[in-house]
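Undergrad: coords please:
(chains A, B and C)
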Amino acid sequence: MTGRVQLHADGPLARVVLSHPGKLNAMSRAMWVQLREVFTALQRDDGPRCVLLQGEGEAFCAGGDIAEYAGFRFEPASLAAFHEDEVWGGLQAILDCDLPVVAAIRGACMGAGVEIAACCDIRIAARGASFGAPIAKLGFPMAPHEAQLVARVAGEPTARQLLLEAAVLDAGTLHARGFVQHLADDADLDAEALALARRIAALAPQAARLNKQVLRALRERHDPDPARAAAAARVLATAYAYAPSAEHREGVAAFTEKRRPRF
Amino acid sequence: MTGRVQLHADGPLARVVLSHPGKLNAMSRAMWVQLREVFTALQRDDGPRCVLLQGEGEAFCAGGDIAEYAGFRFEPASLAAFHEDEVWGGLQAILDCDLPVVAAIRGACMGAGVEIAACCDIRIAARGASFGAPIAKLGFPMAPHEAQLVARVAGEPTARQLLLEAAVLDAGTLHARGFVQHLADDADLDAEALALARRIAALAPQAARLNKQVLRALRERHDPDPARAAAAARVLATAYAYAPSAEHREGVAAFTEKRRPRF
Amino acid sequence: MTGRVQLHADGPLARVVLSHPGKLNAMSRAMWVQLREVFTALQRDDGPRCVLLQGEGEAFCAGGDIAEYAGFRFEPASLAAFHEDEVWGGLQAILDCDLPVVAAIRGACMGAGVEIAACCDIRIAARGASFGAPIAKLGFPMAPHEAQLVARVAGEPTARQLLLEAAVLDAGTLHARGFVQHLADDADLDAEALALARRIAALAPQAARLNKQVLRALRERHDPDPARAAAAARVLATAYAYAPSAEHREGVAAFTEKRRPRF
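TA: Numbering: from 1, shown residues only, chains lettered A, B, ... in the order given. From the prediction side, this is the model:
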């Protein structure tokens, strides 16, 4: 049993569950591959309008599955392949997903957990949740893509605190700093996260996709990967192609007619 | 009556008022053009030393004037012209103004209101003010320049929350996250904003202009527009030309002589 | 007596003390040069694992030593040399140091003090500390490198508030905004800062160096200085060379064996 990433597609709301019983949902190598597969599938699926990402049970994700580390971490080529292909492949699939992604965070959100949360658009956390990346106790640094991601979304002072102090921060601190956008009482997290995801799923789906594409394109138009830079340029060059779309007409018409839009 | 942007130049303090009665100062196309004209005029005027930007009555600005939308939004060319020329023309005129600009925000600050506020240097908000960009209810995304602006100034987690949740955030939340630098009780907003703008107007005017030029140049030295990149390079290359200026000598002399400087 | 920057190397913990008695540790030109020398020496020293940076007595650093200003500020070439060589030389030596640097801040942290604090990784401040950059009262702007540094670490809204308002902000405000990561009661600052620095010094030293190198390289890989850009590219290209290192093996082994690592 090496854990798994489960996808529950359920009409407009898809749920992705990180599940590794007995290990607080620590990410195994198999789970990173599944994470990529799940989000790649979601990106191709016309049904869902919002993704809710959760951990099973009492944690979001406690980090990587350290039991596997001796098998690949001590050789540069296999270590690079792990971080660049498996981990970054999974994280980039979340970042590349055009659907709004809500992370519902309770309990431990450590290392890989913080990275996965940073790829999501909206973070709602239980007040009792704990955030950290205490790899300075494990004798290794954060990989470049992952460090850049965490510094970008959580802010560089917080990234330095997580990495250089091995600090564990509570949800309230990260809410004040803006990384966590919503706090919930622990008992209410599931219900509030579900209600939030449903509210998002009821909003204009094409607008959400375009907003996510544009924010990604603004970041990637100078990407060292020419394919990503070209994709970003295309997004920005066609930013107004939505003008005659049914969704756009319906949203404006509904407002003018003082009725609820039907997206 | 399509609203207007009024300029009250009053010695060292200029006031700009967004005024669209009955529409919570929603920005009409005519107002975007006037916004550009007003800030372009301010940039050329030697008199003012600080700009106070407000909405008339009980709101800052409730967004765009949706009554106009059917006339131009559903065709890509006219939609692009609206966002790139009219809206961005107005916003960029604020960003290009070398005078410190203080936004005094009460009531609704939505969509265009958030964008205008993000172009200002200092935001003082009444505790009862509300911030949002709920265009996901209207079926359209934020235009690229505008999304980049809001993400840069308010932070990307807040930008995603505004756009993907259609969230409405209160002034206290945005103060904790640093977007709003000052909170005031609703009844005190006008007086506190005026006092703040007057304090700024009494500070060294050339230093303020140079600080604004340098912060803009650092952002624009790799701008895709070669004219903007060249202007940025010139600012950075001449960053110390102020050395022998009267203002610089007066500020240092006044400090040494333990007296108030006369700027 | 023009002040000095003292280095106390003391096993794994090095202390750097800004000392300018009677001037709240204002930075003289001699002190900027010493700051560079001290951090350049620390970067070459294998002994220390963490640096604690403090001001002597009741202040961190009140700014520049204004008594020296008449001697060099009013001529562009000497002013540029001061900011680009002396000030930036000192600040960049902190930024270039691979050791984690903790700033312990009490009392005045103004101008140069904010800039020095922004170069540190972790900021712990006494609740009574005050932060500002009130050079708008002195008739001059912040130099470009320095403005970019403060805007990057403290956030652009805070940088604009410091520069354009000449605002003085308390430690609690900057803690809420994430610039200050830790608050302490004034009486407890020294003890808490020391304990924090000792905790950091007990963590994996190579991991800390690599984390700092990677965060710097991500920022500098497009640096206009080709030497810095090349150094950044090398760091990123060799990011996984640590794989077979003793520290990495020890950290993972200790976790697996449920014992404390010996770094």
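Undergrad: for the helix or strand hosting A:Gln43, what is the average pLDDT?
TA: In this assignment (DSSP states H and E), A:Gln43 forms part of helix A:29-44. Taken as a whole, helix A:29-44 has an average pLDDT of 97.
Undergrad: other SSEs contacting it?
TA: strand A:4-10, strand A:13-19, helix A:88-95 (3 or more C-beta pairs under 8 Å, 6 or more residues apart in numbering or on different chains; DSSP states H and E). Glycine gets a C-beta too; all of them are placed from N, C-alpha and C.
Undergrad: and the contacts of it?
TA: Here helix A:29-44 makes contact (C-beta atoms under 8 Å, 6 or more residues apart in numbering or on different chains) with A:2-5, A:7, A:9, A:14, A:16, A:18, A:20, A:27, A:48, A:51, A:65, A:68, A:72, A:82, A:86-87, A:89-94, A:96-99, A:116.
Undergrad: got a pLDDT number for the closest residue to A:Gly47 other than its chain neighbours?
TA: Spatial nearest neighbour of A:Gly47, chain neighbours left out: A:Ala9 (6.3 Å); criterion: C-beta to C-beta, 6 or more residues apart in numbering or on different chains. Note for A:Ala9: predicted pLDDT of 87.
Undergrad: which residues touch A:Ala9?
TA: A:Ala9 neighbours (C-beta under 8 Å, 6+ apart): A:42, A:45, A:47-48.
Undergrad: please identify which pair of the residues you listed lies farthest apart.
TA: Longest distance between any two of these is 9.2 Å, between A:Leu42 and A:Gly47; criterion C-beta to C-beta.
Undergrad: for these two, list the residues in contact with both.
TA: With C-beta under 8 Å, 6+ apart as the test, A:Leu42 and A:Gly47 both reach A:9, A:14.
Undergrad: look at the two and report which has more neighbours.
TA: A:Leu42 (21 against 11; other C-beta atoms under 10 Å in any protein chain shown).
Undergrad: any idea how many residues pack against A:Arg259?
TA: Residues near A:Arg259, counting by other C-beta under 10 Å, number 9.
Undergrad: and it, what element?
TA: Judged by DSSP H and E, A:Arg259 forms part of no helix or strand.
Undergrad: what separation do you get for it and chain B?
TA: 12 Å (C-beta to the nearest C-beta, to the nearest Å).
Undergrad: can I get the following helix or strand past the helix holding A:Gln43 in PDB, CA atoms only?
TA: Following helix A:29-44 in sequence order, the next helix or strand is strand A:50-55 (DSSP H and E). Extracted C-alpha coordinates of strand A:50-55, given in PDB (Å, rounded to 0.1, in the frame of the first residue of the first chain):
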ATOM      1  CA  CYS A  50     -14.500  23.500  -9.600                       C
ATOM      2  CA  VAL A  51     -12.100  21.100  -7.900                       C
ATOM      3  CA  LEU A  52     -12.000  20.500  -4.100                       C
ATOM      4  CA  LEU A  53      -8.700  19.000  -3.000                       C
ATOM      5  CA  GLN A  54      -8.600  17.400   0.500                       C
ATOM      6  CA  GLY A  55      -6.600  14.900   2.500                       C
END
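Undergrad: can you name the element that comes right after strand A:50-55?
TA: helix A:76-81.
Undergrad: give me the contact list for that following helix.
TA: Taking C-beta under 8 Å, 6+ apart as the rule, helix A:76-81 contacts A:72-73, C:239-241, C:243-244.
Undergrad: distance from that helix to the middle of the chain?
TA: Put simply, helix A:76-81 sits 24 Å off its chain's centre (C-alpha atoms, centre = their mean, to the nearest Å).
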